[in-house]
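Undergrad: my questions are about this predicted structure, shown below with the sequence.
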Amino acid sequence: MNIIRIEDPADPRVAPYLSIRERDLVGREGRFVAEGKVVLNVLFAAGRFQAESVLVLENRLAGMTETLALAPDGMPVYVASAAVIDAIAGFHMHRGILAIGSKGVAPSVDDMLAALPERALVAVPVGISNHDNIGSIFRNAAAFGADAVLLDETCCDPLYRKAIRVSVGAALKVPFAVGGTASNLADALSRHGFGQLALSPAGEADIRDMPRPGRLALYFGTEGEGLPEPLLKRLTTARIRMAPGFDSLNVAAASAIALHHFTDATG
């Protein structure tokens, strides 16, 4: 391992880690922060994104041997005391395990869809601005074997630090692409032969009564407003049947149920 001791929070080598919360708001110019041992395992093992460096609390380094063995050869592993790491981050980092990754060149929606197998399952969040919900959708997509996630332009960034953490690293593993409007995504999915199902409490039928086409896209909307009305009029709609007097779930729970129902995952 290329271990480098950091004594000064102002050391330019750890500049990408400075003031993490403030950078979360303004962006990192093509970089993202991954946090925690489990997430770093996914980052290195999946290999979808390039890891630039790691910053580790000195008393956590010994427990990171197997994880860091998965990292790119020669990648800097910065090690510092709790006081130095807290000064770098701008708040107390109780996990003490961080990595900087590069977002790289994002794939287009068409390129992503063209690369999927003939039988494929895709999650399509629309208008999801809550990072917990985006992270949960990615976690569910990974758990139930979805092939990709497509996000419309109004969704929040799945590579935001909190979204990655909530997804338990799934946002670094499940392929995704960001398109334009929900209508643009529907057009692209049609071009690539996908059946499209919009989840709504007012759906036409229960998901258990809906056939599974070879290529299927499942749309999930915001809590409260749901999916846009023009999209619901355009697509086949389905609901998750519930007990009388209760009509909806949060989007994280709804995505888990729907993805589980239509998944081909085994094991």
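TA: Yep, that arrived. Residues are numbered from 1 along each chain as shown.

Undergrad: what about the one helix or strand residue 45 maps to, average pLDDT?
TA: Following DSSP states H and E, one finds residue 45 within helix 37-46. In this model, helix 37-46 carries a mean pLDDT of 96.

Undergrad: ok, the helix or strand following it: who's next to it in the sheet?
TA: Sequence order places strand 50-57 as the next helix or strand after helix 37-46, per DSSP H and E. Here strand 50-57 has these sheet partners by DSSP bridges: strand 76-80 (parallel), strand 97-102 (antiparallel).

Undergrad: next, the angle from strand 50-57 to helix 37-46.
TA: 150 degrees (axes from the mean of the first three to the mean of the last three CA atoms, to 10 degrees).

Undergrad: can you map out the helices along the stretch 101-250 of the chain?
TA: For the stretch 101-250 of the chain, helices defined by DSSP state H, counting those that start in this stretch occupy the ranges 109-114, 131-143, 161-166, 182-191, 229-234.

Undergrad: residue 14 is nearest to which of these?
TA: Nearest of these to residue 14, taken as CB to CB: helix 161-166 at 16.1 Å. Quick note: C-beta positions are derived from backbone N, CA and C, even for glycine.

Undergrad: could I have that closest one exported to PDB, CA atoms only?
TA: This file holds the C-alpha atoms of helix 161-166, laid out as PDB (Å, rounded to 0.1, in the frame of the first residue of the first chain):
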ATOM      1  CA  ARG A 161     -22.300  11.300  -0.400                       C
ATOM      2  CA  LYS A 162     -25.500  10.600   1.500                       C
ATOM      3  CA  ALA A 163     -27.100   8.800  -1.400                       C
ATOM      4  CA  ILE A 164     -24.000   6.500  -1.800                       C
ATOM      5  CA  ARG A 165     -24.000   5.800   1.900                       C
ATOM      6  CA  VAL A 166     -27.800   5.000   2.100                       C
END
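
Undergrad: which strands and helices sit next to it?
TA: Applying 3 or more CB pairs under 8 Å, 6 or more residues apart in numbering; DSSP states H and E, one finds that helix 161-166 contacts helix 20-26, strand 31-35, helix 131-143.

Undergrad: winner for burial among the helices of the stretch 101-250 of the chain?
TA: Mean neighbour count (mean count of other CB atoms under 10 Å) peaks for helix 131-143 among the helices of the stretch 101-250 of the chain, with a mean of 24.
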